[in-house]
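> Here is a sequence together with a model predicted from it:
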Amino acid sequence: TSGGHNVAPEGIEVALKSDRLVAHACLVGEARPYLTALLVLDGEEAPTWAESQGLPYEDLASFSALPRVKTEIDRLVDEVNSNLARAEQVKKWVIVEHEWGPETGEITPSLKVKRTVVLQKYQEAIDALYRE
Amino acid sequence: MSAAEPPPDDGHRQENPAGSVGRSAAADDACIDLLSIEETLKDGTRVFIRPIRAEDKVLLEEGVRRLSPTSRYLRFMRYFERLTPSELRYLTEVDYHDHFAWIAIGVDVDGDPGLGVARYIRDTDQPDQAEAAVAVIDDYQNRGLGTLLLSKLANTARENGIEAFVAYVTPENPLITRLLQSVSATAEEDQGLLRVVVPIGEDAPGPANRAILRAAARGDVELRSPSRSR
């Protein structure tokens, strides 16, 4: 972060990703005042989870916007944060509304994440996390 | 991900209880048996190498879990511990033409663990190119297994009309930048990454190209789509 803290994204991303609902977690924070996370939900898990919670499921975008889903992600992030020092905590997060794949460019066909592409593509959403 | 979704069940499945996915499962199984081979690495380690199958999900999942975090990161460029069910399907239910994977299995090890996988996936826009990716579990690295898998992969890719593999590398990677200066590979900046193209045509793979491919095996390179060979 710009506060001079060197935070290893590894453990945090693994922890966020360990939730079945989360397909991808991309931590952001380089040269920024605090850490944030871009999250992509799992399009296969989501309908199952929605059903178990008695929630409607139309598509991933509308599912990602449900208040109940946001509460669930808040709970997850809080849980992950509770094991982290203050400077390492994820202060804000945003759910990217569509899945990542080779067609949309965030992932190569062999399933490698192109972090640079992710950061560029979602720069607006990321910037919004650092606006007040 | 849709490209590797299993084809719909067309009724042949019952004829093939050992069954991989749909359509030509029986034919696939026969081919897989024909292609399977036991190899001995330079240190004497015996490995069984065959095309990956739909039944390999557990093998692959365990293999990915056995990778060190660093090896896992170099293969997938992200931090995680387990592949999701849809990722496992994508990586094991392949069509052996546009998506092919060799898996190496430990012969002398209890439980017949997966030791490494090399795969290519054809570029939909440039069908003579394919992204290639390799991972070997850490205990078995530096024994020539990645190189062996890659060399088999390049042969298979050639037979299927692919002329080059492509790799994405971070430009800061000193090993790669050094290697690139001595190879017929080309590299161009692509959205913050170096897109490295390694020709795999008949006359192409010299020692330097193999060095690039080896670097890929170690995860120093991230392989992706290729370009024309020279």
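Nice, I can see it.
> Going by residue numbers, what spans are strands in the chain?
In the absence of a named chain, this looks at chain A. Under the criterion DSSP state E, strands of chain A are mapped to A:22-28, A:35-41, A:90-96.
> oops, chain B please
Under the criterion DSSP E, chain B contains strands at B:37-40, B:46-51, B:99-106, B:114-122, B:129-136, B:164-169, B:186-190, B:193-199, B:222-224.
> List the residues that contact A:Tyr130.
With contacts defined as Cβ atoms under 8 Å, 6 or more residues apart in numbering or on different chains, the neighbours of A:Tyr130 are A:Arg32, A:Pro33, A:Thr36. No exception for glycine: its C-beta is placed from N, CA and C like everyone else's.
> Buried ones among the residues you listed?
A:Arg32, A:Thr36 (16 or more other Cβ atoms under 10 Å in any protein chain shown).
> for chain A, which spans come out with low pLDDT?
A:3-7, A:132 (pLDDT under 70).
> Enumerate the residues of it near chain B.
A:9-11, A:13-14, A:17-18, A:23-24, A:26, A:42-45, A:99, A:101-102, A:108-117, A:120 (Cβ under 8 Å from any Cβ of the partner chain).
> any idea how far B:Arg72 lies from A:Ala87?
Plainly put, B:Arg72 is 26 Å away from A:Ala87 if you go by Cβ to Cβ, to the nearest Å.
> what's the answer for B:Asp125, then?
Relative to A:Ala87, B:Asp125 is positioned 43 Å away (Cβ to Cβ).
> what does A:Glu124 give?
26 Å.
> now swap in B:Asp28 and tell me
53 Å.
> And the two? Which one has more around it.
B:Asp28 (21 against 14; other Cβ atoms under 10 Å in any protein chain shown).
> Thought B:Glu93 was touching the more buried one, still the case?
No - counting by Cβ atoms under 8 Å, B:Asp28 stays clear of B:Glu93, with 10.4 Å between them.
> just to revisit the earlier point, least confident of the strands of chain B, on average?
Lowest mean pLDDT of the strands of chain B: strand B:222-224, a mean of 42.
> orientation of the longest helix along chain B relative to strand B:114-122 in degrees?
Using DSSP state H to define each element, chain B has its longest helix at helix B:145-159. Relative orientation of helix B:145-159 and strand B:114-122, computed by axes from the mean of the first three to the mean of the last three Cα atoms, to 10 degrees: 30 degrees.
> which other helices and strands contact helix B:145-159?
strand B:46-51, strand B:99-106, strand B:114-122, strand B:129-136, helix B:207-218 (3 or more Cβ pairs under 8 Å, 6 or more residues apart in numbering or on different chains; DSSP states H and E).
> what comes up buried for the shortest one?
When burial is assessed from 16+ other Cβ under 10 Å, strand B:46-51 yields the following buried residues: B:Val47, B:Ile49, B:Arg50, B:Pro51.
> do stretch B:124-142 as well
Neighbour-count burial for stretch B:124-142 [16+ other Cβ under 10 Å]: B:126, B:128-137, B:140-141.
> Reformat these as a markdown table; add distance to chain A.
Converted to a markdown table, these look like this (distance: Cβ to the nearest Cβ, whole Å):
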| residue | distance to chain A |
| --- | --- |
| B:Gln126 | 12 |
| B:Asp128 | 15 |
| B:Gln129 | 11 |
| B:Ala130 | 8 |
| B:Glu131 | 5 |
| B:Ala132 | 7 |
| B:Ala133 | 4 |
| B:Val134 | 9 |
| B:Ala135 | 10 |
| B:Val136 | 15 |
| B:Ile137 | 17 |
| B:Tyr140 | 20 |
| B:Gln141 | 19 |
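> Would you point out the most distant pair within those residues?
Within these, B:Gln126 and B:Tyr140 form the most distant pair, 32.8 Å apart (Cβ to Cβ).
> Show me the longest helix that occurs in chain A.
Assigned via DSSP H, chain A shows its longest helix as helix A:67-81.
> what does that helix rub up against?
A:12, A:15-16, A:19, A:21-22, A:37, A:39, A:41, A:53, A:55, A:63, A:89-90, A:93, A:95.
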